[in-house]
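# okay, sequence plus prediction incoming.
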Amino acid sequence: MLYVALGFIPAVSFLSLVVVGRLYRALRLRHPAVYAELGSPTVFRKRGRKEKPDPYDTLLLRFVYSKRYQALEDVRVRRLGDFLCWFWPFCVVTLGFVFVLSTASIFLRYLT
């Protein structure tokens, strides 16, 4: 069961980076005011930046979970936002479930 988690984590991380990158690109090209409001973020931060890294992550989470992207009337941004809105909780629940199952299997293995 642990091997499932070890394969799931990189796949989920890669997919999340791709979707967030596409969301940032769509916002940068089609909605520059919203992109600037989010702090002009990028998926990978540039080396040598002196800014605090924390606000970007919380601003994106607030943007997605407050569903502010739906007011933009952009189908691509809506689809990406809706995907992230259910994908991130799905990943947390799935990883929690895999963790509980692998912990239980290790525990039961030592009992027998």
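Yes, it's here. Numbers count the residues shown, from 1 in each chain.
# show me the contacts for the most centrally placed residue in the chain.
Geometric centre of the chain, nearest residue: S16, 4.8 Å, by C-alpha atoms, centre = their mean. Counting by C-beta atoms under 8 Å, 6 or more residues apart in numbering, S16 touches L84, F87, W88, C91. All C-beta atoms are positioned from the backbone trio N, CA, C, and that covers glycine.
# buried residues of the helix or strand where the third one lies, list them for me.
Assigned by DSSP states H and E, W88 belongs to helix 75-111. Of the residues in helix 75-111, V77, R78, L80, G81, F83, L84, F87, W88, C91, V98 count as buried by neighbour count, 16 or more other C-beta atoms under 10 Å.
# quick one: contacts for the second one?
Residues touching R78, when contacts are defined by C-beta under 8 Å, 6+ apart, comprise Y69, Q70, L72.
# likewise the fourth one?
G81 makes contacts with L23, F63, V64, K67, Y69, Q70, as judged by C-beta under 8 Å, 6+ apart.
# dihedrals phi and psi, S40?
Torsion angles at S40 (phi, psi; degrees, to the nearest 10) stand at phi 50, psi 60.
# so what's it closest to, chain neighbours aside?
Distances taken as C-beta to C-beta, 6 or more residues apart in numbering place R28 nearest to S40, at 7.7 Å, with adjacent residues excluded.
# re the thing from before, dump the contacts of S16 into a markdown table; add pLDDT and distance to T112 as well.
Below are the contacts of S16 laid out as a markdown table (pLDDT from 0 to 100; distance: C-beta to C-beta, whole Å):
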| residue | pLDDT | distance to T112 |
| --- | --- | --- |
| L84 | 94 | 42 |
| F87 | 94 | 37 |
| W88 | 91 | 37 |
| C91 | 90 | 32 |
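# closest one to T58 out of those, please.
Nearest to T58 among the contacts of S16: W88, at 13.5 Å, using C-beta to C-beta.
# show the contacting residues for the closest one.
Residues counted as contacts of W88 (C-beta under 8 Å, 6+ apart) are S16, V64.
# over to the one 3 residues further on?
Going by C-beta under 8 Å, 6+ apart, C91 touches V12, S16.
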